[in-house]
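**Student:** my questions are about this predicted structure, shown below with the sequence.
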Amino acid sequence: MITEEMKQVVNFYNQGLELYKDREFQKALKLFQEALKIKPNDTPSKLYETRCLEFIKNPPPMDWDGVYVMKTK
């Protein structure tokens, strides 16, 4: 059974992911952080929080297709 808290986490994550795909990294970041307030160990939200922070500092090229390319191993 999924809890109400987990439903909120999933909702924040899904909204954040849509904004991320639309290159709205600041807005997406806020939603991933809201998810992490509820579930601090949510790995997908942590991952996208990190990616948003990186893309805010260094935006992807205009022809970016949404694929994240790792720069380190």
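**Tutor:** Done, it's in.
**Student:** and the helices in the protein?
**Tutor:** 4-21, 25-38, 43-57 (DSSP state H).
**Student:** what's the most buried one of those helices?
**Tutor:** Neighbour counts (mean count of other C-beta atoms under 10 Å) averaged over each of those peak at helix 25-38, with a mean of 19. Every C-beta, even on glycine, is put in place using the N, C-alpha and C of the backbone.
**Student:** ok, so what distance separates the nearest residue in space to residue 33 that is not next to it in sequence from residue 13?
**Tutor:** Spatially, and ignoring its direct neighbours in sequence, residue 33 is nearest to residue 49 (6.2 Å; C-beta to C-beta, 6 or more residues apart in numbering). Distance, residue 49 to residue 13, by C-beta to C-beta, to the nearest Å: 10 Å.
**Student:** anything in contact with each of those two?
**Tutor:** Jointly contacting residue 49 and residue 13 under the rule C-beta atoms under 8 Å, 6 or more residues apart in numbering are residue 32.
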